[in-house]
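S.K.: this is a predicted model, with the sequence first.
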Amino acid sequence: MTRISVDDLKETPQRRQNIEFNEVLPVDEAVKPVVGDLVLSLAAGGVKLTGNVKTLLKLQCQTCLKPYFYALSVDLDEYFVPRLSAMAEFEMGAPRDKELLKDDFYDSIPEDGFIDISDVVYQAVTLASPVFSRCGDECPGPPKPEGARGSSVSGSDSEGGQDQKPIDPRWKNLKTLFPNQE
């Protein structure tokens, strides 16, 4: 677990710290540690965390159900500010109805003064993981059911010139309602 003290950061000569991140995070699909280079620096009114992390995920294609590997790269750009009380925010007179911009999103620096870098990276990796996973453009598609035959376009079978496909057992009762229709 990587935690950085804001007070220690203030004492560094450049007021910044380079972090070589390399941790095994509890991301279910990750097969490699999350690695990357991060920079934690003092900014106007707070602390800024920037950088990039990478890992390798093992996912299951939701179309063909086969496993595949996915290289995940996540850019981090987080901003931490000292915690303000709700009353102080109200007194600052911030308009309640306004369009939110990128700079309006930030985290609070915890009261103990330590920023948990591991948690920030975990959240970024989890949010960047694909919700729908597909193995690629050459995906063979859904698996064929057991015993299914491909249909012939020419229709050259001995019975009436049509291929006889077995009826799915779930549809047999429906066939009794409409015996003359395919």
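M.R.: Yep, it's here. This is a predicted model, so every value here is computed, not measured. Numbers count the residues shown, from 1 in each chain.
S.K.: could you use CA atoms for every contact and neighbour count after this?
M.R.: Fine.
S.K.: would you mark the buried spots in the helix ranked longest in the chain?
M.R.: If you go by DSSP state H, the chain has its longest helix at helix 117-128. Buried residues in helix 117-128, counted by 16 or more other CA atoms under 10 Å: Ile117, Ser118, Val121, Tyr122, Ala124, Val125.
S.K.: contacts for that helix next, please.
M.R.: Applying CA atoms under 8 Å, 6 or more residues apart in numbering, the contact partners of helix 117-128 are Met1, Thr2, Arg3, Ile4, Glu23, Leu25, Pro26, Val27, Val53, Leu72, Val74, Leu76.
S.K.: show the subsequent helix or strand relative to that helix.
M.R.: Per DSSP states H and E, the first helix or strand lying C-terminal to helix 117-128 is helix 172-177.
S.K.: returning to what we had before: wait, which of the contacts of helix 117-128 is closest to Asp137?
M.R.: Nearest to Asp137 among the contacts of helix 117-128 is Leu72, at 18.1 Å by CA to CA.
S.K.: just the CA coordinates of the strand or helix carrying the closest one, formatted as CSV?
M.R.: Element membership of Leu72 [criterion: DSSP H and E] is strand 67-82. C-alpha atoms of strand 67-82 as CSV (Å, rounded to 0.1, in the frame of the first residue of the first chain):
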residue,chain,number,x,y,z
PRO,A,67,-10.9,-16.1,-22.6
TYR,A,68,-8.5,-13.4,-24.0
PHE,A,69,-5.9,-11.0,-22.7
TYR,A,70,-6.4,-7.2,-22.7
ALA,A,71,-3.7,-4.6,-22.1
LEU,A,72,-5.1,-1.8,-20.0
SER,A,73,-3.4,1.6,-19.8
VAL,A,74,-4.9,4.3,-17.6
ASP,A,75,-3.9,8.0,-17.5
LEU,A,76,-4.3,9.6,-14.0
ASP,A,77,-5.1,13.2,-13.4
GLU,A,78,-6.4,13.6,-9.8
TYR,A,79,-6.6,16.7,-7.7
PHE,A,80,-6.8,16.7,-3.9
VAL,A,81,-7.8,19.8,-1.8
PRO,A,82,-7.9,20.3,2.0
